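K.L.:
After the sequence you'll find the predicted model.
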Amino acid sequence: MSVRYPEVDHLLEALRPTLECFVVAAKRSKGDIGLVEDAGVPACAAMHRALMSAGLELCAQEARREHVCPSCRARLARQSERARTVVTVLGEATYNSVRWRCGKCQEDYYPLEEGNGIHANQFTTKAQGVIAAFSAELPYTHAARLLGQVGIPVSAREADRTAQEVSQWRKAEEEAAIREAFPEGDDPASEDVVPLHDWSGWDTEEVVVASVDAGKVRSPEHGEDGLRWFDCRVGVIASADERSRARKLYAAGVIDADALFDHLAAAWRARQPGCLKMLFISDGADWIWRRVPLYFDGATEVVDIYHVGEHVAGAAAACWGPDSQQAKDWRTHARDMLLAENGPKRIRRKLLRGFLSGEACDPVELRKHIRYLFRHRRRMPYQALAQQGLPVGSGVIESAVKQVNTARLRLPGMKWTRPGADGMLRLRSAHLSGTLTQTVARRHASLMQLAQRYIPNQQQLAA
């Protein structure tokens, strides 16, 4: 036998005028579904507000129990009550907020509001998460407009402020995970550290591709040649199988190389032991290859075949002349030559013979390219990888830079401060990785845990 709640009857009675107006509009539509939709939008908005207001008021009533001062543990006295409007994931809602006071400390407290993150904020934690997700996808003005259409009233300025606040939640989690992965001294492990990525959907035999790079973002600062640009670093770990449904892991920010590798490595170390094999594919930048063996021991290092192909073409032009037929052939077929059996080795030998012959068109330029090819010779297992159906190019990081950086921070007319760009990059990388919702959920859980300090102990309850 189901329990009957009088609150349900009160809610239905409050919604009756809205439901009646909607039914009348539907009856008068004469087969025009568009008219029904027009009537349904305000009806749903009104129902959302009534539903959430009733729910918040019931929640507040259930929370109005005995509270104690978090400082001195004396009982709090109910001081006053006022109607307050907040913004939830279903829009605005109103409830009665209670102010509590400690007679001993003479301090005011709001246990319900502090536990739900709305003491100094009109948006609930979940609403903040939705605003941040929209802002990670769209410019703040566009995000605010679309959020208003789905019932969450927010200005562009509020969307900016909220996005930056949520990004700080994410930054705190990233830094905690890095401290856990790379402890200093005798720092004990923390029980509050959470993994930066969900590896549960990955096949244990899956091969992953990791890579890092940097992109540019325009700042409002002026230099000698106009507005200045600054670097934003991006990293990615993705399945080598394009058909895989595993979510990519993105890491980004206005950070140095070590901080980027710290983030990627901290997330990588949290996977199940023995799971997954890594290919680290990137261009020939020294700042990358100096760190790969330190952070990803055992990863197969691969220098991007397209970057190598550019050096092969450059070397051919320096050896035989840019207009020679041989240089043109090498430029056209550089990738095929590198994929052939012992291809990189054959290329190096032929270029070295051209250099030693003393007949090279530009020996200085040729020597530079030969040095590059020799320095990275162990990072060119192209034929073996291609035979296994594995990638030999760094397309995954080029796509990541476009997704994380270019598509959001380099839209027409955009200028970013370094802190603003850093916050958006962290937010967007978490959003694209599918982990932003977990960050918001953990933030809400931590606030609720903090609110436990207002609950009396067993002795106080018994008294």
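P.N.:
Cool, the structure landed.
K.L.:
which residues sit against the host helix or strand of V86?
P.N.:
Using DSSP states H and E, the element containing V86 is strand 76-88. By CB atoms under 8 Å, 6 or more residues apart in numbering, the surrounding residues in contact with strand 76-88 are 52, 56, 64, 66-69, 92-103, 108-109, 118, 122-124, 126-127, 152-154, 454. C-beta: built from backbone N, CA, C; applies to glycine.
K.L.:
please redo it, this time with the cut-off set to 7 Å
P.N.:
52, 67-69, 92-103, 108-109, 118, 122-124, 127, 152-153 (CB atoms under 7 Å, 6 or more residues apart in numbering).
K.L.:
do stretch 123-131 as well
P.N.:
86-89, 116-118, 147, 152, 154, 159, 162-163, 165-166, 436-437, 440, 443-444, 447.
K.L.:
Only the buried members of those: can you turn that into a ChimeraX selection?
P.N.:
Selection of buried members from the contacts of stretch 123-131 for ChimeraX, criterion 16 or more other CB atoms under 10 Å:
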select :86,87,88,89,116,117,118,147,152,154,159,162,163,165,166,436,440,443,444,447
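K.L.:
Mind checking which of the contacts of stretch 123-131 land in helices?
P.N.:
Of the contacts of stretch 123-131, the ones assigned to helices by DSSP state H are 147, 159, 162-163, 165-166, 436-437, 440, 443-444, 447.
K.L.:
okay, those in a markdown table with pLDDT and distance to H10 next?
P.N.:
Shown next, in a markdown table, are those (pLDDT from 0 to 100; distance: CB to CB, whole Å):
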| residue | pLDDT | distance to H10 |
| --- | --- | --- |
| L147 | 97 | 30 |
| A159 | 97 | 35 |
| T162 | 97 | 33 |
| A163 | 97 | 38 |
| E165 | 97 | 36 |
| V166 | 98 | 36 |
| L436 | 96 | 37 |
| T437 | 95 | 33 |
| V440 | 96 | 32 |
| R443 | 95 | 33 |
| H444 | 95 | 28 |
| L447 | 94 | 30 |
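K.L.:
of all those residues, which two lie farthest apart?
P.N.:
Spatially, the most separated pair among these is L147 and L447, at 22.2 Å (CB to CB).
K.L.:
Which residue is the nearest non-sequential neighbour of A25?
P.N.:
A39 (3.5 Å; CB to CB, 6 or more residues apart in numbering).
K.L.:
mind listing what's buried in the helix or strand hosting the one you found?
P.N.:
Element membership of A39, judged by DSSP H and E, is helix 33-63. Neighbour counts over helix 33-63 (16+ other CB under 10 Å) mark 36, 39, 43-57, 60, 63 as buried.
K.L.:
I'd like the mean pLDDT over stretch 234-244, please.
P.N.:
What stretch 234-244 shows for mean pLDDT is 89.
K.L.:
And P139, how close does it get to K415?
P.N.:
Going from P139 to K415 by CB to CB, to the nearest Å gives 12 Å.
K.L.:
Ok, D256 next?
P.N.:
22 Å.
K.L.:
Name the nearest residue to A265, ignoring sequence neighbours.
P.N.:
Y295 (4.2 Å).
K.L.:
Count the residues that sit near that neighbour.
P.N.:
Residues near Y295, counting by other CB atoms under 10 Å, number 20.
K.L.:
any idea which element the closest residue to N405 other than its chain neighbours lies in?
P.N.:
Using CB to CB, 6+ apart and skipping residues adjacent in sequence, the residue nearest N405 is G215, 4.1 Å away. Per DSSP H and E, G215 falls inside strand 207-223.
K.L.:
ditto for V234
P.N.:
strand 226-239.
K.L.:
Which elements pack onto that strand?
P.N.:
Under the contact criterion of 3 or more CB pairs under 7 Å, 6 or more residues apart in numbering; DSSP states H and E, strand 226-239 touches strand 207-223, strand 249-253, helix 257-269, helix 395-401, helix 418-433.
K.L.:
Just checking: what are the partner strands of the first one?
P.N.:
The sheet places strand 207-223 alongside strand 226-239 (antiparallel), strand 277-282 (parallel), with pairing taken from DSSP bridges.
K.L.:
which other residues reach the helix or strand just after the last one?
P.N.:
Tracing the chain past strand 277-282, the next element assigned as helix or strand by DSSP H and E is helix 286-289. With contacts defined as CB under 7 Å, 6+ apart, helix 286-289 is touched by 212, 257, 282.
K.L.:
Out of these, grab the one that's most surrounded.
P.N.:
V212 leads these on contacts (other CB under 10 Å) with 26 neighbours.
K.L.:
does it really touch S282, like I thought?
P.N.:
Yes: the criterion here is CB atoms under 7 Å, and V212 meets it with S282 at 6.3 Å.
K.L.:
so what sits against both of those two?
P.N.:
288, 397.
K.L.:
Out of the ones in helices among the contacts of stretch 123-131, the closest to E224 would be?
P.N.:
The closest of the ones in helices among the contacts of stretch 123-131, once distances to E224 are taken by CB to CB, is A163, at 32.4 Å.
K.L.:
In the protein, where is pLDDT below threshold?
P.N.:
The model of the chain has pLDDT under 70 over residues 1-3, 185-193, 226, 272-275, 458-463.
K.L.:
Could you rerun that using 50?
P.N.:
461-463 (pLDDT under 50).
K.L.:
per-domain residue ranges of it.
P.N.:
1-63, 64-196+440-463, 207-304+393-434, 305-387 (automatic domain parsing).
K.L.:
Quick check: which of these has the most neighbours on average?
P.N.:
Among the domains of the chain, domain 207-304+393-434 has the highest mean neighbour count (mean count of other CB atoms under 10 Å), at a mean of 19.
K.L.:
gap between the two ends of it?
P.N.:
20 Å (CA to CA, to the nearest Å).
K.L.:
do the same with stretch 228-247
P.N.:
34 Å.
K.L.:
How far away from the center of its chain is it?
P.N.:
Centroid displacement of stretch 228-247 relative to its chain, using CA atoms, centre = their mean, to the nearest Å, is 11 Å.
K.L.:
after the strand holding V86, next one along is what?
P.N.:
strand 91-102.
K.L.:
gap between I281 and G321?
P.N.:
32 Å.
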